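[1] Sequence first, predicted coordinates after that:
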Amino acid sequence: MMKNGKKAKQEVQAQERYRVFTPRSYEDREGEEKTYWTRIGTAFKGEKSITILLDALPLNGRLVVILEEAEAGEETEGEDEVVLRKRR
């Protein structure tokens, strides 16, 4: 039996966590195309599904889901580098 939701909290912490972003392309001052990544949610992997909790909706309809461990600097072959900026 659950007491004050403690079991539910433990199960959520044990799940793989992901961050959800939406990319937006833009040109910098030199005319070079860059991508700005806006975090818009969090995702959790369950036994048979992935639950995505969005704080905002992407205007371009594109979501990118990144495993939190992979953010430390791993780059996937063929993917643009994701540079995450801390919020102030």
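    That came through fine. Numbering: from 1, shown residues only.

[2] can you pull the contacts of Gln53?
    Wrong residue type there; residue 53 is Leu, not Gln. Counting by C-beta atoms under 8 Å, 6 or more residues apart in numbering, Leu53 makes contact with 41-44. Just so you know, the C-beta spots here come from the backbone N, C-alpha and C atoms, and that holds for glycine as well.

[3] Mind listing what's buried along the strand ranked longest in the chain?
    Across the chain, the strand with the greatest residue count (assigned by DSSP state E) is strand 33-45. Residues 37, 39-44 are the ones in strand 33-45 that count as buried (16 or more other C-beta atoms under 10 Å).

[4] After it, which helix or strand is next?
    strand 50-54 (DSSP states H and E).

[5] what about the chain, any weak spots by pLDDT?
    The chain contains residues with pLDDT under 70 at 1-14, 70-88.

[6] ranges for the strands of it?
    So, for the chain - with DSSP E - the strands run 17-27, 33-45, 50-54, 64-67.

[7] Thr51 and Phe44, how far apart?
    Remark: distance between Thr51 and Phe44 (C-beta to C-beta, to the nearest Å) = 5 Å.

[8] Kindly report the same for Glu33.
    Separation of Glu33 from Phe44 (C-beta to C-beta): 33 Å.

[9] just to revisit the earlier point, how about a markdown table for the buried residues of strand 33-45, with distance to Leu67 added?
    Shown next, in a markdown table, are those (distance: C-beta to C-beta, whole Å):
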| residue | distance to Leu67 |
| --- | --- |
| Trp37 | 15 |
| Arg39 | 14 |
| Ile40 | 16 |
| Gly41 | 14 |
| Thr42 | 12 |
| Ala43 | 9 |
| Phe44 | 11 |
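
[10] and of the residues you listed, the nearest to Arg29?
    Trp37 (19.2 Å; C-beta to C-beta).

[11] is the closest one in a bridge, and if so with what?
    Pro23 (DSSP bridges).
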